[in-house]
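*Asks:* just to be clear, the model below is a prediction. Sequence and coordinates:
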Amino acid sequence: MNWIIWLIPAFPLFGFVINALAVRRERDAGILASVMVGLSFAATIVAMVLLEGSPADAKRLTWTLWEWISAGDFRVAFGLLFDPLTAVMALLITGVGGLIHVYSIGYMHGDVRPVRFFAFMNLFVFAMLMLVMADNLLLLFLGWEGVGLCSFLLIGHYFDRRSVPPGINPSDAAVKAFVANRIGDAAMLAALFAIFANFGTLSFYDNPQLGISGYLDQAVAIAGDTIDLGAFGQLPLIAGITLLMLVAVTGKSAQFPLYTWLPDAMAGPTPVSALIHAATMVTSGVYLIVRNHTLFDQLTSAAPWVLVIGVMTAFIGATAAVAQLDIKRVLAYSTISQLGYMVAAVGMGAYVAGMYHLLTHGLFKALLFLAAGSVIHGIGGHQDMRRMGGLRDDLPTTFRLYVVGALALSGIFPLAGFWSKDEIIAHAWFDARSPLAAIILILTSAITAFYMGRQIGMIFFGRPRDPAMHGHESGATMRWPMIVLAGGAVIGGLINFPGLHWLNSYLRPVLQEPEVVYTLGMGVLATITTLLSAGAGYLGWKIYARDLEPRIRIGKEDPAFRYLGDLWRGMEFGWGLDWLYQRVVVRPYRAASVFLSQVVDREGIDGVLVDGTARGLVRLARGLRLLQSGYVRMYALMFLAGVIILITFFALRG
Amino acid sequence: MPLRQRSVRNAVVSMNSVPLLSVMIWLPALGALVVLALPRQNVAAQRGVSLGAALLALAAAVGVALFFNPAHAGFQLVERVAWVPSWGISYTVSVDGISLWLVVLTAFLTPIALAASWGTVERQERAFHALVLLLASGLFGVFTAQDMLLFYVFFEFTLVPTALLIGIWGGAERRYAAIKFFAYTFSGSVFLLLGIIGLYLLHGQATGVYTFDIATILASLQLGALRLDTGAERLIFGLFFIGFAIKAPIWPFHTWMTTAHAEAPSSGVVDIIGLLIKIGAYGLIRFNVQLFPAAAAWAAPAVGVLAVIGILYAAWIAYQQTDMKRLLAYASVSHVGLIVLGIFALNTQGIAGAVAHMVNSALTTGALFLVVGMLVARRGSRELKAFGGLWKTMPWLGSLTLLLALGSIGLPGLNGFVSEFTVLQGSWRSPGLGWRYTLPAILGVVFAAVYLLHMYRTAFMGETLPELARAPDVRPRELALLIALATPVVVLGLYPNALFGPMQQSVTQIAQGTLPYLASR
């Protein structure tokens, strides 16, 4: 029965192929795509039931289709793995993914290329499932690059437009996403080579039946090995591998310093933002670390790089989100910030807490994006929050759902975000003994609440600022998926509720993490955090719905710009990393390309070396008057010279 | 001279009932003669005959592949006829696991190239077809010849049709490009000939058997009948290396190739059949690594540096090319760097990956050259700036081009990735190279995405230019050609063992030959 796990990715792949080749009508495409993801969800449930039947010490189902690569001793199977960690990821992907597909049927109605859209959405679900179900790192890499490709395809959905709100060129954004991902992927490739060169396998776990050994089962054995860096001394092998993986994570999971592609990814249709750039693809970096936790355990104890990157990203993302004027960009930077939380969690070794936040975030961030899509859809495609205002009455359902999502994201008791986020903060304070990280994360939590308050204030409260705008509520196909997600955002915290710790128990076969023991101190910390957040959220709402509301004008600066000036500008531009890359990387790369092409290659190698040598030889031949015609003389001359060299050589060596 | 007597006797014994390899080699040449005899006006008959000859050669090549026994490492399907017995020259053709793939690749690309040329050749179509067929014969000969002099004859022979195809039907600078191509690679082959003669003489002196037969010389080297001292081995290695480095081409000998690609007929025909099939890289494996493992191990670190520079340098330059053919030409040079890196990893993975990458990069880059040819046919320009937004007006061409570009970029699941990964993996584990070579080479992965996506984004995405608003999407013949090339891109990406399986034994044998010399490091 283990073959059943192949059905999980097979359904969306089938949907992609049929939609790409055979379907022409929008309605058929949407229904086919949604049904396929639904079937995939059902197959996941069946696989979970099967998984329950397997023995406690080997809680995993595997199935190999064929041997993918075999060159010398380098052998990789095209095999899938289904264990508890995969199960929760697959549930999120197919569950939230399925809801977003259904929502898209309504949202994409009347779009220019709906069939393509649904085909690529299914391809994305397939790639993401391959990523989390691969039983070896190379097949994981197939999914890893596959989701990057789908990101490219879907960000570029409106590739024929010069600009989509807020002034992004979709084609450029698509290429940027692919290239930024590729930089991380290059590091990932290096990690793969290092792993294979040192472990002799890319499989995760031992599989005695197939005679495969897994590198994760050997990690401890070579903990002492080092890489010789020559002048730079010795680097512990596992530190090297995990640092390379960390670079890969910063690309895919939009961490500092490679996050700049994610805000531009909002050029895609909103359901894409919800599915790919919030709920699933960007979490693959977190999954990668959790899957390789036996390696990362050793890095975490040695150097807190992962934690540092995560905390920095959380803070940078949150501050940038405060100053955005585009409804989706706020959420994009918020996603970066929340991914920072997850990375920080796994960087402290709190893998369950990281997965917990990954799952709850998947629910409420998908909800927020879909609700944002509902707003955009309801007011005719506008995304600039300065044009909105007072939409509470026009979009009553969307408004309520948005508030639920915002409260969950802000970590307000008792919604899902509260439980998962506070577990991370508590871990930083009590277990990792890193009060600085904990304080920054608490502060970030307050900032999060502030920008969500600001956003709700700007969108739904105050006066309608654009007299031409009339909102209408979305239809049932869009409303119901949001309502289901909102339910998840409210009760999602239950999956690892203190005292119940279901998620912890379920993941124990993979992570072997002890249950968190809850103390009074944790309760105090959680209370302080949630009170701070509630206060900051109220403040954000009050300022933008009441105090500064009269000064918000279409096309004008945010009123806070007057008070903060350059600081505000810095936040608005995501702290200028794009600006920096443009000057330090992109332009020099382009200039060097032109220089190499026109000067080094044309004048240097081809001009001086090649043509120069040829001219010299021709002149020499002419001088010797050996032969008169064409290139034959050059040929003869060189031949003669060579024969002389050869004869001399053999004569000399006697 | 017992050895020579045996080889003469073998000539009779081993001529089995159907000399399949010889049929494959000479069928296209025969087709060329028939085409030239056809009336000038009857273009349909010319196309039919030439395509028919190419398809028959393909059938013969498939037959060769079916008769090939993947469990054997050595040369198979040997056909031998004494040619100039007094000098030890013979017509010996056979295949091993490495040449098999290049034979199949040539056989596969020839009919595609012929069909792609239809409607693009304005004058002398008869001669054009004949030259393409002659070129195919020459390539088959290069990859099957197991006599050094025969190899050299075929090696030189491929130059003529290629140079003529560029010089007669090429772009504005075609004469310059053709002469440069001919003179440059011809100069390189002088060194090759010197190396062949030197090896012939050394072998004769040492064993008393004067022969050009590769298998005999290889056996003498391996059994110790012929011991080359270090200096002599390195000298002969160097002579072969210069010839093949220019032909491959390895950086910095690449400029003839970018010029030739740029000026070759815009349809892309000569690019795929004349320039993308990697004779030079094949020669490096067959001669430099197989015959001189010690010198190869000695030279590997230096060649590796050239290879890595080539990967990055060419990929970097490709990014800002305004001419699409030039862009692809530099991409091709970058791929050669990767192939050479794999060969000089001197281990099974590196060499197997390199052979696979010869096939894969010829398929993807060749297909992209055909795409450019289709674009030129619609717009009359190769300038990247003359295109935009084609994905909207030509969805089929746009999607297929994206697939092929992704194959070339090395997206997992498509063919380019598997060979690229295997090569890099091999270089990382190679004692002669190691991660210091692999890490910079990996950057090529990013560079490749940058230049090809830049090309795709400019030509196929963005707003549709008004001049292109009515450009027709792929026609059935074009679609068939692209699907023929895209199918192996997907199939070999998911099941690369089809490629690796038959070559495994031969590659392992060659790699094992270098082991004693690498271990001493």
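*Replies:* Received the coordinates, thanks. Here the structure is a predicted model, which means the values were calculated and not measured.
*Asks:* ok, A:R400 to A:A366 distance?
*Replies:* A:R400 sits at a distance of 16 Å from A:A366 (criterion: Cβ to Cβ, to the nearest Å). (Each C-beta comes from the backbone N, C-alpha and C, glycine too.)
*Asks:* repeat for A:K542
*Replies:* In this view, A:K542 and A:A366 are 28 Å apart by Cβ to Cβ.
*Asks:* so which helix or strand takes in whatever residue of the stretch 401-550 of chain A ends up closest to chain B?
*Replies:* Closest to chain B within the stretch 401-550 of chain A is A:V510: 24.3 Å, counting by Cβ to the nearest Cβ. Using DSSP states H and E, A:V510 falls within helix A:502-511.
*Asks:* what residues of that helix count as buried?
*Replies:* A:503-504, A:506-511 (16 or more other Cβ atoms under 10 Å in any protein chain shown).
*Asks:* which strand in the chain has the most residues?
*Replies:* Picking chain A for this. strand A:61-71 (DSSP state E).
*Asks:* wrong one, I was asking about chain B
*Replies:* Counting by DSSP E, the longest strand found in chain B is strand B:76-84.
*Asks:* picking up where we left off before, which of A:K542 and A:A366 has more residues huddled nearby?
*Replies:* A:A366 (30 against 16; other Cβ atoms under 10 Å in any protein chain shown).
*Asks:* is it fair to say A:D466 lies in a helix?
*Replies:* No - per DSSP: H, G, I helix; E, B strand; the rest coil, A:D466 lies outside any helix segment and is coil.
*Asks:* now do the contacts for it.
*Replies:* Neighbour list for A:D466: A:382, A:387-389, A:554 [criterion: Cβ atoms under 8 Å, 6 or more residues apart in numbering or on different chains].
*Asks:* 6 Å instead, please
*Replies:* A:R387 (Cβ atoms under 6 Å, 6 or more residues apart in numbering or on different chains).
*Asks:* the stretch 101-250 of chain A: helices as residue ranges?
*Replies:* Under the criterion DSSP state H, counting those that start in this stretch, the stretch 101-250 of chain A contains helices at A:114-133, A:137-155, A:170-199, A:215-218, A:237-252.
*Asks:* quick one: residues in contact with stretch B:339-358.
*Replies:* A:71-72, A:74, B:98, B:101, B:250, B:278, B:281, B:284-285, B:300, B:303-304, B:307, B:338, B:419, B:422-423, B:425-427, B:430, B:433, B:499-500, B:503, B:507-508, B:511, B:514.
*Asks:* mind listing which of these are in helices?
*Replies:* B:98, B:101, B:281, B:300, B:303-304, B:307, B:338, B:419, B:422-423, B:425-427, B:499-500, B:503, B:507-508, B:511, B:514 (DSSP state H).
*Asks:* ok, and of these, which contact chain A?
*Replies:* The subset of the ones in helices among the contacts of stretch B:339-358 within reach of chain A, by Cβ under 6 Å from any Cβ of the partner chain, is B:422, B:425, B:500.
*Asks:* state whether A:A77 is indeed within a helix.
*Replies:* No - counting by three-state DSSP, A:A77 is not part of a helix but strand.
*Asks:* what number of residues lie near the residue nearest to it when sequence neighbours are not counted?
*Replies:* Distances taken as Cβ to Cβ, 6 or more residues apart in numbering or on different chains place A:T64 nearest to A:A77, at 4.7 Å, with adjacent residues excluded. Look at A:T64: counted by other Cβ under 10 Å, it has 18 neighbours.
*Asks:* what does the pLDDT read for A:T64?
*Replies:* pLDDT for A:T64: 87.
*Asks:* spit out the contact partners of residue 507.
*Replies:* All of this is about chain A. Residues in contact with A:L507 (Cβ under 6 Å, 6+ apart) are A:84, A:352.
*Asks:* think we crossed wires, I meant chain B
*Replies:* By Cβ under 6 Å, 6+ apart, B:V507 lies in contact with B:348, B:351-352.
*Asks:* do the same with B:M374
*Replies:* For B:M374, the contact set (Cβ under 6 Å, 6+ apart) comprises B:E478.
*Asks:* tell me which element it falls in.
*Replies:* helix B:348-379.
*Asks:* buried residues in that helix?
*Replies:* For helix B:348-379, burial by neighbour count (16+ other Cβ under 10 Å) applies to B:348-376, B:378-379.
*Asks:* repeat that for stretch A:410-428.
*Replies:* Quick answer for stretch A:410-428 (16+ other Cβ under 10 Å): A:410-413, A:415-428.
*Asks:* need the residues of chain A near chain B, please.
*Replies:* A:69-72, A:74, A:141-142, A:145, A:159-160, A:162, A:171, A:175, A:179, A:182-183, A:186, A:189-190, A:193, A:197, A:593-594, A:596-597, A:605-606, A:610, A:631, A:638-639, A:642, A:646.
*Asks:* just the buried residues from the residues you listed, in ChimeraX please.
*Replies:* A single ChimeraX command suffices to select whichever of these are buried according to 16+ other Cβ under 10 Å:
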select /A:69,70,71,72,74,141,142,145,159,160,171,175,179,182,183,186,189,190,193,197,593,596,597,605,606,610,631,638,642,646
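*Asks:* which stretches in the stretch 151-300 of chain B count as helices?
*Replies:* Using DSSP H, counting those that start in this stretch, the helices found in the stretch 151-300 of chain B span residues B:174-207, B:214-223, B:230-247, B:255-263, B:269-270, B:279-283, B:290-291, B:293-319.
*Asks:* quick one: the second one to helix B:293-319, angle?
*Replies:* Think helix B:214-223. 120 degrees (axes from the mean of the first three to the mean of the last three Cα atoms, to 10 degrees).
*Asks:* tell me which residues are up against helix B:214-223.
*Replies:* Contacts of helix B:214-223 (Cβ under 6 Å, 6+ apart): B:75, B:146, B:203, B:207, B:226.
*Asks:* and the closest residue to A:M452 other than its chain neighbours, what element?
*Replies:* Leaving aside its sequence neighbours, A:M452 sits nearest to A:A406 (Cβ to Cβ, 6+ apart; 4.0 Å). Per DSSP H and E: A:A406 is located in helix A:396-410.
*Asks:* so which elements touch that helix?
*Replies:* When contacts are defined as 3 or more Cβ pairs under 6 Å, 6 or more residues apart in numbering or on different chains; DSSP states H and E, helix A:396-410 sits against helix A:351-378, helix A:416-426, helix A:435-460, helix A:476-491.
*Asks:* save the ones you listed as CSV, and put in mean pLDDT too.
*Replies:* What follows is the helices and strands packed on helix A:396-410, written out as CSV (pLDDT from 0 to 100):
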stretch, mean pLDDT
helix A:351-378, 93
helix A:416-426, 91
helix A:435-460, 93
helix A:476-491, 92
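*Asks:* so for A:V35, which of those helices sits nearest?
*Replies:* For A:V35, the closest of the helices and strands packed on helix A:396-410 is helix A:476-491, at 13.8 Å, according to Cβ to Cβ.
*Asks:* what's next to the closest one, contact-wise?
*Replies:* So helix A:476-491 is contacted by A:99, A:102-103, A:105-106, A:363-364, A:366-367, A:370-371, A:374, A:397, A:401, A:404-405, A:408, A:415-416 (Cβ under 6 Å, 6+ apart).
*Asks:* over to stretch B:41-49?
*Replies:* Here stretch B:41-49 makes contact (Cβ under 6 Å, 6+ apart) with B:34-35, B:38, B:125-126, B:129.
*Asks:* out of the residues you listed, who has the most neighbours?
*Replies:* B:H129 (27 neighbours).
*Asks:* which strands and helices sit next to whichever helix or strand that residue is part of?
*Replies:* Using DSSP H and E, B:H129 falls within helix B:125-144. Contacts defined by 3+ Cβ pairs under 6 Å, 6+ apart place helix B:125-144 against helix B:20-37, helix B:43-67, helix B:97-117, helix B:148-169.
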